[in-house]
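Trainee: Sequence and predicted model, in that order:
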Amino acid sequence: MASQELFLVTLVVDDCDKAKTFYCDALGFDCVEDTQMDAIRRWLVVRPPGTSGAALLLAKADGEDQRAAVGKQAGGRVGFFLRTDDFARDYKALLANGVRFVEEPRHEVYGTVVVFEDLHGNRWDLLEPV
């Protein structure tokens, strides 16, 4: 039987350098690869530390349709979920790094969660499962 896994998701951004700074400095992600492919294209991959799970390909918007999608990748819904093993630690660190939260942390049947926005307004859950 074949084995598959989701390993990379494209996130359209308006500026790769600003996006790299946000994801690596504010969120603490690791930069897995940063390669200039040609005069326009750049292969910029970031991933949460300590994991081999899915990573983000931060891709600069090219053209009107892609520029219109920046910050709206999930149409205003939470589109990205960052699982943590220590909610209090990571929430405090994100606050200290200037991450914008849209609500107060809450306890749900599935765990402790809070919604935050990335630098473009895409919504994320910080989640510690029960």
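Mentor: Sure thing, it's come through. All figures in this text were calculated on a predicted structure; none of them were measured in a lab. Numbering: from 1, shown residues only.

Trainee: any idea how far His107 is from Val113?
Mentor: Distance from Val113 to His107, counting by CB to CB, to the nearest Å: 8 Å. Heads up, the C-betas are built off the backbone N, CA and C, glycines and all.

Trainee: neighbour-wise, which of those two wins?
Mentor: Using other CB atoms under 10 Å as the criterion, Val113 and His107 rank with Val113 on top: 18 against 11.

Trainee: Excluding residues flanking it in the chain, which one is nearest that one?
Mentor: Leaving aside its sequence neighbours, Val113 sits nearest to Leu127 (CB to CB, 6 or more residues apart in numbering; 4.7 Å).

Trainee: who's that neighbour bridged to?
Mentor: According to DSSP bridges, Arg83, Val113 are recorded as the beta-bridge partners of Leu127.

Trainee: you'd agree it is up against Thr112?
Mentor: Yes - using CB atoms under 8 Å, Leu127 and Thr112 qualify as a contacting pair, with a distance of 7.2 Å.

Trainee: shared neighbours, these two?
Mentor: With contacts defined as CB atoms under 8 Å, 6 or more residues apart in numbering, the residues shared by Leu127 and Thr112 are Phe87.

Trainee: What ranges does the protein have for its strands?
Mentor: 8-13, 30-36, 42-47, 55-60, 78-83, 100-101, 106-108, 111-117, 123-129 (DSSP state E).

Trainee: What helices and strands are in contact with the fourth one?
Mentor: Packing partners of strand 55-60 (3 or more CB pairs under 8 Å, 6 or more residues apart in numbering; DSSP states H and E): strand 8-13, helix 16-21, strand 42-47.

Trainee: For these, give me TSV that also has mean pLDDT and mean neighbour count.
Mentor: Below are these laid out as TSV (pLDDT from 0 to 100; neighbours: other CB atoms under 10 Å):
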stretch	mean pLDDT	mean neighbour count
strand 8-13	97	17
helix 16-21	98	16
strand 42-47	97	19
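
Trainee: Tell me which of these sits nearest to Phe81.
Mentor: Each of these has some distance to Phe81 by CB to CB; the shortest is strand 8-13, at 11.4 Å.

Trainee: Can I get the closest one in PDB, CA atoms only?
Mentor: Output for strand 8-13, consisting of C-alpha atoms alone and laid out as PDB, is shown next (Å, rounded to 0.1, in the frame of the first residue of the first chain):
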ATOM      1  CA  LEU A   8       4.000  21.600   1.700                       C
ATOM      2  CA  VAL A   9       1.300  24.300   1.300                       C
ATOM      3  CA  THR A  10       1.700  27.500  -0.700                       C
ATOM      4  CA  LEU A  11       0.900  30.700   1.200                       C
ATOM      5  CA  VAL A  12       0.800  33.800  -1.200                       C
ATOM      6  CA  VAL A  13       2.500  36.800   0.300                       C
END
